[in-house]
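Student: Pasting the sequence and the predicted coordinates here, then a few questions.
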Amino acid sequence: MSKPIKSSEITPEALYLSRRRFIKNTLTMAAVSLYLSACGNQSPAGPTAQPTDSLPLPSAGASVDELGNTLTSYDDIIGYTNYYEFSTDKNGPTRLAQNFKTSPWSVEVGGYVNNARSFSIDELKSLFDQEERIYRMRCVEAWSMVIPWVGFSLHKLLEIVEPTSDARFVRFETLYDPDQMPGQRNSFFPFPYIEGLRLDEAMHDLTIMATGLYGRDLSPQNGAPLRLVVPWKYGFKSIKSIVKIDLVGEMPTSLWMASGPNEYGFYANVNPNVPHPRWSQATERRIGEGGRIDTLLFNGYEEEVAYLYDGMDLSIDF
């Protein structure tokens, strides 16, 4: 049985520690800049995002992940997104989400816990060291990216609220606000967006709550101000703009399970051996690069997470 790896083992320890110092300094400077900008020019819907060409170039602590994959460019990450609350087009969210209000923001954490409470986004950033995690992201649509996220392990948040013995799953919920998120008026999808993890998946050290990427706060189209990232699962599991987290006893029904139960299961583990009903999952297209590459079981994190599914038939529990 493999043990969950520590953050410092993903990259050399010296580089890991230097990144953390860099990120803390970067986020501090970014906060000051955003505060000054908001004081001088703020729309009724909240601060307007600055054009990317007016900001310093983003930086990450490394140029490749642990497998040697080159990081996806910042412009590709913020310009090519799936965020159906805004639009079903890949570039639609970049345009439609720019005035999305992300402050003030709070996240309610409750259910089967001893210490239910609400956290502001500022509290979450101050309570937990914001670490850089370079993860591969594999979309169920067979495209992928390599992203330097900034955030903290979800288990640290869950440990504060203390799940009870009745908690078996974690249910996540996105903000429901059609006035800001026009895609939520699409009646095909049962908004608000719901996702879930088994408790042991949520407690795994690789599972993070992301607050930024490339050393900056998350952009609205990437799930600001807080999103889940589970790197061994297809991207739709990594729910965005979270406002509610509940510890529950029964498996949650996610939005995609409700929308297409024959195509989307609860686990959504990256598995090249189990095709989607409408396409193969054996290969993927890396955004910003040419050609296709082989898809890895559990997105290349098999050594760290395979033990979570011992005894399961992953062609049935998909």
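Tutor: The structure has been received and is ready for your questions. Numbering: from 1, shown residues only.

Student: Quick check: longest strand in the protein by residues?
Tutor: Longest strand of the chain, by residue count under DSSP state E: strand 143-153.

Student: What is that one packed up against?
Tutor: With contacts taken as 3 or more CB pairs under 8 Å, 6 or more residues apart in numbering; DSSP states H and E, strand 143-153 sits against helix 74-79, strand 131-138, strand 208-213, strand 283-286. Every residue, glycine included, has its C-beta placed from N, CA and C.

Student: For that strand, give the mean pLDDT please.
Tutor: For strand 143-153, the mean per-residue pLDDT is 98.

Student: Partner strands of that strand and their direction?
Tutor: The pairing partners recorded for strand 143-153 under DSSP bridges are strand 131-138 (antiparallel), strand 208-213 (antiparallel), strand 283-286 (parallel).

Student: Which stretches in this structure count as helices?
Tutor: 7-10, 13-40, 74-79, 92-96, 121-127, 154-161, 199-203, 255-259, 302-305 (DSSP state H).

Student: I'd like to know which of the helices and strands packed on strand 143-153 is closest to P182.
Tutor: helix 74-79 (18.9 Å; CB to CB).

Student: buried stuff in the closest one?
Tutor: 74, 76-79 (16 or more other CB atoms under 10 Å).

Student: Mind putting these into CSV with distance to L308?
Tutor: Below are those laid out as CSV (distance: CB to CB, whole Å):
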residue, distance to L308
Y74, 32
D76, 31
I77, 27
I78, 31
G79, 33
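
Student: Just give me the closest of these to E250.
Tutor: Distance to E250, by CB to CB, is smallest for I77 among these, at 34.7 Å.

Student: That closest one and W279: what is the separation?
Tutor: As judged by CB to CB, to the nearest Å, I77 and W279 stand 23 Å apart.

Student: Stretch 79-90: how far from the chain's middle?
Tutor: Centroid separation between stretch 79-90 and its chain, computed with CA atoms, centre = their mean, to the nearest Å, is 14 Å.

Student: Endpoints of it, how far apart?
Tutor: End-to-end distance of stretch 79-90 (CA to CA, to the nearest Å): 8 Å.

Student: Could you do stretch 170-184 as well?
Tutor: 23 Å.

Student: Would you mark the buried spots in it?
Tutor: 170-175, 177, 180-181, 183-184.

Student: Now distance to E162 and pLDDT too, for the buried residues of helix 74-79, in CSV please.
Tutor: CSV is the format used below for the buried residues of helix 74-79 (distance: CB to CB, whole Å; pLDDT from 0 to 100):
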residue, distance to E162, pLDDT
Y74, 38, 97
D76, 40, 97
I77, 35, 98
I78, 36, 97
G79, 40, 97
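
Student: Looking at these, which is nearest V113?
Tutor: Closest approach between the buried residues of helix 74-79 and V113, by CB to CB: I77, at 33.2 Å.

Student: sorry, back to before: could you dump the helices and strands packed on strand 143-153 to CSV with distance to S87?
Tutor: What follows is the helices and strands packed on strand 143-153, written out as CSV (distance: least, CB to CB, whole Å):
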stretch, distance to S87
helix 74-79, 13
strand 131-138, 19
strand 208-213, 20
strand 283-286, 21
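
Student: Check the buried residues of helix 74-79 against I316 and report the nearest one.
Tutor: I77 (33.6 Å).

Student: wait, that closest one sits on I147?
Tutor: Yes. At 5.9 Å, I77 counts as touching I147 under the criterion of CB atoms under 8 Å.

Student: shared neighbours of the two, which are they?
Tutor: Common neighbours of I77 and I147, counting by CB atoms under 8 Å, 6 or more residues apart in numbering, are L213.

Student: how about the strands paired with strand 143-153 in CSV, adding mean neighbour count, mean pLDDT and distance to K125?
Tutor: Shown next, in CSV, are these (neighbours: other CB atoms under 10 Å; pLDDT from 0 to 100; distance: least, CB to CB, whole Å):
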stretch, mean neighbour count, mean pLDDT, distance to K125
strand 131-138, 23, 98, 12
strand 208-213, 24, 98, 6
strand 283-286, 18, 98, 30
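
Student: list the contacts for the residue nearest to E195 when sequence neighbours are not counted?
Tutor: Take E195 and drop its neighbours on the chain: the residue closest to it by CB to CB, 6 or more residues apart in numbering is I239, 4.1 Å away. If you count contacts by CB under 8 Å, 6+ apart, I239 has them with 172-174, 193-195, 223, 227-228.
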